[in-house]
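**Q** model the structure of this input:
(2 chains)
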Amino acid sequence: MKRSFLVLILLLVLGAAWAGSASAQQPTPSDDQVNAIARQLFCPVCQNTPLDVCPTEACHQWRELIRQMLAEGKSEAYIKQYFVDNYGARVLSEPPQVGFNWLIYIVPPVAFLAGVFLLYRAYRTWPRMQKESAPESGSAPAAKDEYVDRLEEELRKRR
Amino acid sequence: MLADFGFGVLVLTFLVALFGIAAGIYGYSKKEGRWVESARRAMLLTFPLVTLGVLSLVFLLVSGHYEIKYVYEVTSSTMPLYLKVTALWGGQAGSLLFWSWLMSAFASAVMLRQWDRDREFLPWVAVVTGATLAFFLSLSLFFENPFARWWQTASGEVGAMFQSAGATPLVPPDGAGLNPLLRHPGMIIHPPMLYLGFVSFVIPFSFAIAALVTGRTDDRWIRITRRWALWAWLFLSCGLVLGMWWAYDVLGWGGYWGWDPVEIAALMPWLVGLPFLHTVMIQEKRGMFKRLNMVLIILTYVMVIFGTFLTRSGVLSSVHAFAESAIGPMFFIFIGFTLIASISLLIHRWEGLKSEVPLESTSLLSREALFLLAAVLFGVIFIVCFSGVVFPLASEAVVNQQITVGPPWYKHIVGPFFAGLLLLMGVTPLSSWTYGTLKMIGRSAWKPAVPALVVPVVLLVTGMRDVVALVGFTLAPFAVCVTLYEFGRGAAARARSQGENLVVALWRLVGRNRRRYGGYIIHIAMVMMALAILGIELFQTTTQRSLATGESIQLNGYTIRYDSLAQFTYTDGRMVTRAVMSVFKDGKFLGELYPRYDLFPDGQPMTIPAIRSTLADDLYIVLVNWENISVLQTPFKVFHNPLVSWLWLGSLVFIFGTLVAAWPDKDPVAVPATMKAGYGTSPAN
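**A** The predicted model follows:
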């Protein structure tokens, strides 16, 4: 009886030790997990260098910081925000959509609309093609001849 | 002594260029042919003069005159001779002199042409090329003097041309040496190519300004300069591709394009030069788009100067660096002056630049209309690039907030526009000048569309579900098939009408219409490059792990085994750390790869990836020197980059296509008049 009690105690102690070591040793985040976040961030020191490939010692430490935060169970969004809070918005690969930064998100669609408008203006000034004048209503052989004619005409014009 | 000579020659050239400008303006306004001729000769003289300056600097570089500040900065006694020579453009002061040298070469070359038929352009071509040259020479003379010496003063070492009171000459025993990252063949040829592209665009711009000033705004200026523009674009493209190769081969981040502002600085003139090459054809043929062509060439020139400004003024690192740099404000003033002068001239001639009213009807699917659409798409991509580069500077200046505009922003926006351009490359050749209907294009399109559709169908069947990839791999084969179809039906038509066999017909068709068919070859090259971009953007995979010898990394069917690590010192003093990796695919041994990390004596590190290239994919292994390397745990980063080789192959095809399009013609006068009217016998364009 006394012996089986001792075995029980031993098992409990070992079990507790095993459980304790398991909870203390979360698997270390892999390089790939770290890089998945680091590649979305830019080195706060160097110019235009993503954090995952930056060779400076500072960036090495920042990657280790990401690894540590991942090990602590922090989310990707939390880690990115941590870097923004500490080093400013320049660590993000795209400007956050706030304040003055909106300008850069507006420019491309405005440029596109301006392009469409210019196209519209140009097209409007051109005389429209009349259906009957369209020289392309023939049969297949006629179409081939038309191609030869067109090519010849273009080559002649190339002077 | 030689430094004084070099500096003196540059001063003289600067004065000669100023004289050329003054003589050109005076000769034009007083209608004095002698003064115009004098301006021409002045510009002719600039090339031999700047050459003397450049030779002086090269001699100083090669012979190790480290008392010259520039020589000290970019060379050292251990550098091989060819690197000492190419160090001419390895630093700021040398680069600017090199720019001036190329500019003087082009300015002189254009002065040598036959001016009989267009003498009215001559003074203004001399003025514009002279002004550009004088501007760059002034930077060398007053701010970035490559001949400045080291002086020891009470406040420390300073670089200056002449001895000031209390200063004693300083002669360092050895130089600092060129940045090791720049000791790569790609980086050695990259700047000259880029600069050649930049300066050759100055020539079409100078003719455009001459056309605006003189009012001769017909297509003559375009006919004279179209080949200059093509060569400019070729050089610029080669410069860009060499830069990509260098980045891929040396920087060790697994890619070739990082949307870095320096890269975009070189891309912007390319983006506006390309639609210019297309829309000038319409002005030649139909007298349309005169204003657009003027705007495009002015913009190209401004972007050439702006690109040089971005990379040379230090403005990219910070707006404050710009304010501190001496040449930044100078560039700013020059760009401002150019814009004001060009736009004023443009407004002055705006009415005269009206498109000739098209006599023939022009439909919305005609080639003109589609060219215009392509120009708009390029324009939007250009504006995106411009704003992406300028916005961080504006943000810092206006709200004092540093931000990064990185690759994701560019990729999201420009992707659809590039897809649109790919579609236009497929559709436009099927349309024709003045008219085009859906029915007509459809009737021509189905034949090339059938083989092209094989690619996306096969991809779908094999399980591809990525919509972007499916769209890309539909549009790219379609553009290629249309282009090949154009070659085929052109040759067949010629074979029929001339009674030639198909091979001869194809040869003559291309030979006599080189601009068109050279252009089509460039289209094929572009599609090859697009395949590479699709491959790496959509399907690149990467993994990083620390390995002990004997351990392996698996990636996309490849097994990469770490065999050994060695360290040794190279003859030039650098410490090389080199790993041996065995590559297997499906259990089969493919070969060994040797990723490396070099540490130069001055502490500069250089990561040299090991790359195994095939047409299907690249395996790219980096020894991650920025993590801790030990024999027991060595960190490796492996990239699997599908289709990248097509980028380099495409660029070779591209060079070939541009050479076909731009190669000088035989003298057109020599072609008998009776031949000209015949099929395919007109001189090539």
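**Q** check contacts around the residue in the stretch 351-500 of chain B that chain A sits nearest to.
**A** At 3.3 Å from chain A, B:Gly406 is the closest residue in the stretch 351-500 of chain B, using CB to the nearest CB. For every residue, glycine as well, the C-beta is placed using N, CA and C. By CB atoms under 8 Å, 6 or more residues apart in numbering or on different chains, the contact list for B:Gly406 reads A:42, A:48, A:50, A:92-94, B:259.
**Q** could you do B:Leu133 as well?
**A** Counting by CB under 8 Å, 6+ apart, B:Leu133 touches B:13, B:17, B:46, B:100, B:103-104, B:107.
**Q** what of B:Arg286?
**A** Counted by CB under 8 Å, 6+ apart, B:Arg286 has contacts B:356, B:358, B:368, B:433-434.
**Q** what is the lowest-pLDDT residue among the residues you listed?
**A** Among these, B:Pro358 carries the lowest pLDDT, at 60.
**Q** specify the residue ranges that define each domain of chain B.
**A** B:1-178, B:186-430, B:431-538+B:647-676, B:540-645 (automatic domain parsing).
**Q** reformat those domains as CSV; add distance to A:Gly88.
**A** Converted to CSV, those look like this (distance: least, CB to CB, whole Å):
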stretch, distance to A:Gly88
domain B:1-178, 29
domain B:186-430, 6
domain B:431-538+B:647-676, 28
domain B:540-645, 23
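**Q** ranking the contacts of B:Gly406 by neighbours, who comes first?
**A** When neighbours are counted by other CB atoms under 10 Å in any protein chain shown, A:Phe42 leads these with 24 neighbours.
**Q** count the residues that sit near the nearest residue to B:Asn145 once chain neighbours are set aside.
**A** Leaving aside its chain neighbours, B:Asn145 sits nearest to B:Met161 (5.6 Å; criterion: CB to CB, 6 or more residues apart in numbering or on different chains). Using other CB under 10 Å, B:Met161 has 14 other residues around it.
**Q** wait, doesn't B:Met161 sit right on B:Arg149?
**A** Yes: the pair B:Met161 / B:Arg149 is scored as a contact, 7.0 Å apart, by CB atoms under 8 Å.
**Q** flag the shaky bits of the chain, pLDDT-wise.
**A** Just so you know, I chose chain A. Applying pLDDT under 70 to chain A flags residues A:1-26, A:127-159.
**Q** oops, wrong one, chain B.
**A** Along chain B, segments meeting pLDDT under 70 span B:317-324, B:357-361, B:626-627, B:665-685.
**Q** picking that back up, tell me the residues that contact both of B:Met161 and B:Arg149, please.
**A** Listed as contacting both B:Met161 and B:Arg149 by CB under 8 Å, 6+ apart are B:Ala3.
**Q** now for the contacts of B:Gly406: which two are most distant?
**A** Pairwise distances across those (CB to CB) peak at 14.3 Å, for the pair A:Leu92 and B:Trp259.
**Q** correct me, but B:Val527 touches B:Phe478?
**A** No: if you go by CB under 8 Å, B:Val527 and B:Phe478 don't touch, sitting 9.1 Å apart.
**Q** quick check, stretch B:221-237 touching chain A?
**A** No: Stretch B:221-237 is not in contact with chain A by CB under 8 Å from any CB of the partner chain; minimum separation 10.1 Å.
**Q** which of the contacts of B:Arg286 ranks first by neighbour count?
**A** Counting by other CB under 10 Å, top hit in the contacts of B:Arg286: B:Glu368 with 28 neighbours.
**Q** ok, that residue - contacts?
**A** Going by CB under 8 Å, 6+ apart, B:Glu368 touches B:282, B:286, B:288-289, B:362, B:433-434.
**Q** if I look at it, how far off is B:Phe589?
**A** For B:Glu368, the distance to B:Phe589 equals 57 Å [CB to CB, to the nearest Å].
**Q** same question, B:Leu96
**A** According to CB to CB, B:Leu96 stands 52 Å off from B:Phe589.
**Q** so for these two, which sits in the more crowded spot?
**A** Neighbours per residue (other CB under 10 Å) separate B:Leu96 from B:Phe589, with B:Leu96 holding more: 23 against 11.
**Q** in which helix or strand would I find B:Tyr410?
**A** Using DSSP states H and E, B:Tyr410 sits in helix B:407-427.
**Q** go through the very next helix or strand once past that helix and flag the buried ones.
**A** The helix or strand immediately downstream of helix B:407-427 is helix B:438-461, counting by DSSP H and E. Applying a neighbour-count criterion of 16 or more other CB atoms under 10 Å in any protein chain shown, one finds B:440-441, B:444-445, B:448-449, B:452, B:455-456, B:459 buried in helix B:438-461.
**Q** quick one: is the helix or strand containing A:Pro108 near chain B?
**A** Take DSSP H and E as the rule and A:Pro108 turns out to sit in helix A:102-125. Yes: shown here: helix A:102-125 in contact with chain B (CB under 8 Å from any CB) through A:103-104, A:107-108, A:111-112, A:115-116, A:118-119, A:122-123, A:125.
**Q** quick check: the farthest pair among the residues you listed?
**A** In the residues of helix A:102-125 next to chain B, two members sit farther apart than any others by CB to CB. They are A:Ile104 and A:Thr125, at 33.4 Å.
**Q** pick out whichever of these two has more residues nearby.
**A** Ranked by neighbour count (other CB under 10 Å), A:Ile104 and A:Thr125 place A:Ile104 first, with 23 against 12.
**Q** so who does that one touch?
**A** Each residue near A:Ile104 by CB under 8 Å, 6+ apart is listed here: A:95, B:387-388, B:391, B:405, B:409.
**Q** repeat that for B:Gly20.
**A** B:Gly20 sits in contact with B:39, B:42-43, B:46, B:126-127, B:130, where contact means CB under 8 Å, 6+ apart.
**Q** right, I'll call it a day here.
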